[in-house]
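Novice: Okay, sequence plus prediction incoming.
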Amino acid sequence: GICPRCGAFVYEGKKGFFCDNRDCSFALWKDNKFFSSKKKTLTKSVAAALLKEGRVSMSGLYSEKTGRTYNAVVLLDDTGDKYVNFKLEFPAKKGGRK
């Protein structure tokens with residue numbers, strides 16, 4: 001994919017996905033607290049979707065509060081800080097009240 005910070009190529013390494021530009025600190029770590037807390041792994045296809053679209057729809061995300069799983073859209077929330085953050089977006093429920 002392409003780095004959202006500098007436009008350089010992002011490659012897959014042993015521990016994550018890194019910007020090819022040495023001056024840019026963009027990285028998506030495979031051992032990521034956000035994904036591990038949801039009992040998911042940051043795979044190549046998930047990283048590719050995040051880099052291309054800035055979002056990826058995922059099912060079976062684990063909730064530490066309820067112990068149940070849910071579906072949501074994971075958004076890439078990169079503010080240019082040392083670490084890349086993520087946000088969750090929940091699709092509107094169908095058949096709302098009248």
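Specialist: Noted; the coordinates are in hand.
Novice: Would you check how far apart K15 and G60 are?
Specialist: 24 Å (C-beta to C-beta, to the nearest Å). Quick note: C-beta positions are derived from backbone N, CA and C, even for glycine.
Novice: Tell me where the model's unsure across this protein.
Specialist: 93-98 (pLDDT under 70).
Novice: Tell me which stretches of the protein form strands.
Specialist: 10-12, 16-19, 27-29, 55-62, 69-77, 85-89 (DSSP state E).
Novice: Burial-wise, tell me which of those strands comes out on top.
Specialist: Ranked by mean neighbour count, the strands of the chain are led by strand 16-19 with a mean of 20 (mean count of other C-beta atoms under 10 Å).
Novice: That one: partners in the sheet, and parallel or antiparallel?
Specialist: The sheet places strand 16-19 alongside strand 10-12 (antiparallel), strand 27-29 (antiparallel), with pairing taken from DSSP bridges.
Novice: can you list the ones you listed in CSV and add distance to G67?
Specialist: CSV is the format used below for these (distance: least, C-beta to C-beta, whole Å):
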stretch, distance to G67
strand 10-12, 32
strand 27-29, 26
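Novice: out of those, which comes closest to T79?
Specialist: strand 27-29 (14.1 Å; C-beta to C-beta).
Novice: What lies in contact with stretch 49-64?
Specialist: Under the criterion C-beta atoms under 8 Å, 6 or more residues apart in numbering, residues 1-4, 10, 17, 28, 37-40, 46, 68-76, 88-89 lie in contact with stretch 49-64.
Novice: Using PDB, write down the CA coordinates of that stretch.
Specialist: The C-alpha trace of stretch 49-64 is given here as PDB (Å, rounded to 0.1, in the frame of the first residue of the first chain):
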ATOM      1  CA  ALA A  49      -7.700  -2.100   3.200                       C
ATOM      2  CA  LEU A  50      -6.700   0.400   5.900                       C
ATOM      3  CA  LEU A  51      -4.000   1.900   3.700                       C
ATOM      4  CA  LYS A  52      -6.200   2.000   0.500                       C
ATOM      5  CA  GLU A  53      -9.600   3.000   2.000                       C
ATOM      6  CA  GLY A  54      -8.700   4.200   5.500                       C
ATOM      7  CA  ARG A  55     -11.300   1.700   6.800                       C
ATOM      8  CA  VAL A  56     -12.100  -2.000   6.900                       C
ATOM      9  CA  SER A  57     -15.200  -3.800   7.900                       C
ATOM     10  CA  MET A  58     -14.600  -6.600  10.500                       C
ATOM     11  CA  SER A  59     -16.800  -9.200  12.100                       C
ATOM     12  CA  GLY A  60     -16.400 -11.100  15.300                       C
ATOM     13  CA  LEU A  61     -14.600  -8.300  17.200                       C
ATOM     14  CA  TYR A  62     -14.400  -9.200  20.900                       C
ATOM     15  CA  SER A  63     -15.800  -6.900  23.600                       C
ATOM     16  CA  GLU A  64     -13.900  -6.800  26.800                       C
END
